[in-house]
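# only geometry, no sequence info:
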Ligand SMILES: [Zn+2]
């Protein structure tokens, strides 16, 4: 069976981006680097973000959201976790 032609533009490969986005939140959180055996994955994500504009935009938005969540947590006892999670999932699904 002939394989379907692979795209020459790796940055535009939706499979790669999909895989990246599954780990993007943990990566932005710094969880991957901290986890044993995940350093290689963290490096892969890092290099993907360098050449993939859509994913790097999502990463930037996640970082901004983390920052606003942290500020919110400092100012209030009210949990924003659910709202944050919903926004994050919407972002990652796009
Ligand atoms: Zn990507």
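Arrived safely, thanks for sending. Because the structure is a prediction, the values reported are computed rather than measured. Numbering: from 1, shown residues only.
# And the strand or helix carrying residue 40, what does it pack against?
Residue 40 is located in helix 39-51, with elements delineated by DSSP states H and E. Under the contact definition 3 or more CB pairs under 8 Å, 6 or more residues apart in numbering; DSSP states H and E, helix 39-51 sits against helix 14-29, helix 31-34, helix 53-75. C-beta: built from backbone N, CA, C; applies to glycine.
# which outside residues touch that helix?
10-11, 16-17, 20, 23-24, 27, 32-33, 55-56, 59 (CB atoms under 8 Å, 6 or more residues apart in numbering).
# 7 Å instead?
Helix 39-51 is contacted by residues 11, 16, 20, 23, 24, 27, 32, 33, 55, 56, 59 when judged by CB atoms under 7 Å, 6 or more residues apart in numbering.
# And the residues you listed, which of them are buried?
16, 20, 23, 24, 27, 32, 55, 59 (16 or more other CB atoms under 10 Å).
# Compile these into CSV and extend it with columns for distance to the ion.
Putting the buried ones among the contacts of helix 39-51 into CSV (distance: CB to the ion, whole Å) gives the following:
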residue, distance to the ion
16, 6
20, 5
23, 11
24, 9
27, 12
32, 16
55, 3
59, 9
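# just for the chain, where's the confidence low?
The chain contains residues with pLDDT under 70 at 1-14, 77-80, 94.
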